[in-house]
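1. okay, structure incoming, though there's no sequence with it:
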């Protein structure tokens with residue numbers, strides 16, 4: 001993105017000189033001779049950074065800083081000051097200034113400071129944009145995703161939700177299968193009817209049978225009264241059978257009968273009960289492999305799998321990571337009474353590079369831990385769990401002991417330029433130098449494009 005910078009100084013030569021330097025670095029520039037004119041520009045234009053002199057006769061830089069902090073709190077301010085006013089500049093930093101420079105201005109330091117301030121500004125803007133995208137009214141407010149894989153999931157949900165068809169949701173552990181089941185039910189005509197959830201893997205065979213179908217008084221030791229099962233409770237609505245691949249053949253037969261005939265008996269009972277229940281099931285197992293191994297009934301599989309919804313793992317939908325990161329950052333910042341405005345580039349790169357075998361559940365845990373460990377208002381690489389950082393190895397440059405500083409600098413510039421595919425603007429930004437300086441060093445070191 002192209003940033004816009006406002007330079008404020010009552011000395012015309014300084015104001016225009018700094019403006020020309022910034023324009024050479026490809027920034028849009030506005031100029032003002034005092035704080036009052038600067039405020040008019042700030043209210044009329046989208047300004048990303050203010051560079052202001054402290055001492056101005058009509059409307060001082062100190063007053064301008066206070067107004068920017070109150071009216072435009074996300075816009076950083078760099079203070080310009082004479083050597084005799086450094087203490088005042090330090091006080092201005094306590095009042096919210098990003099940093100200060102003494103006059104005459106060192107151009108290299110000025111360019112570097114501008115880049116750093118705008119880098120922080122970009123993090124804040126990216127975070128805000130992601131938050132706005134998350135907070136837009138969507139059909140599936142609890143489900144995050146704009147990747148092609150998730151677009152297909154949304155299409156299937158939209159198509160299958162209004163029907164009575166059984167749905168089998170498949171995907172690795174931690175991808176959010178239960179959220180998809182919720183969306184299917186609450187977009188269906190049965191949304192006002194019961195939606196009963198059963199986590200099949202959490203119950204033993206005897207307990208699961210009783211939970212699903214209920215039992216009569218005296219059916220087994222401890223059955224002191226009649227109990228309705230989950231199918232009975234879900235009558236007219238839907239039931240979600242999570243980890244359906246874990247149930248045994250005996251219960252599979254009974255579920256198959258419910259699907260085919262809508263009938264069953266309670267454990268220990270003789271009365272046949274009839275129900276109208278839609279079945280939504282989920283598994284992280286390959287049920288076809290389970291069929292071949294003799295663990296799952298083929299006829300039940302086809303009755304459950306009328307419509308299949310496959311949730312892609314996080315490693316296949318990396319473009320959804322920024323949305324998840326922003327969502328979890330907001331959630332856990334509020335939960336822990338913190339104000340965290342974004343994630344530094346190095347930490348973001350580590351999050352993007354990691355393979356996330358535990359999927360969304362693992363990412364959620366990672367973000368909660370990172371927010372708790374964060375000490376500032378930007379999440380850094382040091383805040384992340386150690387295992388997340390290991391995938392950054394490919395992004396390091398190895399320098400040999402005995403190299404001269406010039407040789408090391410040449411190697412760093414060459415490799416960084418290569419990593420960014422020859423993009424000189426990005427390379428200069430990452431290295432923290434101006435583009436003119438980068439061009440000069442490329443020529444001096446004879447680095448090929």
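-> Arrived safely. Everything numeric in this text was worked out from a predicted model, so none of it was measured.

2. ok, what's across the strand from the spatially closest residue to residue 113 that is not a sequence neighbour?
-> Leaving aside its chain neighbours, residue 113 sits nearest to residue 99 (5.6 Å; criterion: Cβ to Cβ, 6 or more residues apart in numbering). Heads up, the C-betas are built off the backbone N, CA and C, glycines and all. Going by DSSP bridges, residue 99 is paired in beta bridges with residue 78.

3. then residue 52?
-> Note on residue 52: beta-bridge partners by DSSP bridges are residue 8, residue 79.

4. residues near it, how many?
-> The number of residues packed near residue 52 is 26, by other Cβ atoms under 10 Å.

5. that one and residue 37, how far apart?
-> 11 Å (Cβ to Cβ, to the nearest Å).

6. please enumerate the shared neighbours of these two.
-> residue 8 (Cβ atoms under 8 Å, 6 or more residues apart in numbering).

7. pull the number of nearby residues for residue 188.
-> Neighbours of residue 188 (other Cβ under 10 Å): 21.

8. same thing with residue 46?
-> Neighbour number of residue 46 under other Cβ under 10 Å is 10.

9. and it, that's in a helix?
-> No - counting by DSSP: H, G, I helix; E, B strand; the rest coil, residue 46 is not part of a helix but coil.

10. three-state assignment of the residue nearest to residue 195 when sequence neighbours are not counted?
-> Among residues not flanking residue 195 along the chain, residue 185 sits closest, at 4.7 Å (Cβ to Cβ, 6+ apart). Following three-state DSSP, we place residue 185 in the helix state.

11. then residue 104?
-> Residue 104 - assigned by three-state DSSP - is coil.

12. what's the separation between it and residue 17?
-> Distance from residue 104 to residue 17, by Cβ to Cβ: 10 Å.

13. where's residue 330, which helix or strand?
-> Using DSSP states H and E, residue 330 sits in helix 321-335.

14. which parts of that helix are buried?
-> Residues 321, 322, 323, 324, 325, 326, 327, 328, 329, 330, 332, 333 are the ones in helix 321-335 that count as buried (16 or more other Cβ atoms under 10 Å).

15. remind me what it packs against, helices and strands.
-> Contacts defined by 3 or more Cβ pairs under 8 Å, 6 or more residues apart in numbering; DSSP states H and E place helix 321-335 against helix 107-135, strand 342-343, helix 345-353, helix 359-373.

16. spatially, what comes nearest to residue 175 if we skip its sequence neighbours?
-> Residue 175 sits nearest to residue 311 (Cβ to Cβ, 6+ apart), 4.3 Å away.

17. residue contacts, the one you found?
-> So residue 311 contacts 153, 169, 170, 171, 172, 175, 176, 177, 180 (Cβ under 8 Å, 6+ apart).

18. which one of those residues sits closest to residue 121?
-> Distance to residue 121 across the contacts of residue 311 (Cβ to Cβ) is lowest for residue 176, with 33.0 Å.

19. tell me how far the closest residue to that closest one other than its chain neighbours lies from residue 368.
-> Among residues not flanking residue 176 along the chain, residue 360 sits closest, at 5.3 Å (Cβ to Cβ, 6+ apart). Computed with Cβ to Cβ, the distance linking residue 360 and residue 368 is 12 Å.

20. do the same with residue 272
-> 49 Å.

21. enumerate every residue touching the residue nearest to residue 195.
-> 161, 191, 195, 237, 238, 240, 278, 280.

22. for the protein, what spans make up the strands?
-> 4-8, 28-32, 49-53, 77-81, 99-102, 167-170, 195-199, 238-242, 263-265, 272-274, 278-283, 307-310, 342-343, 378-379 (DSSP state E).
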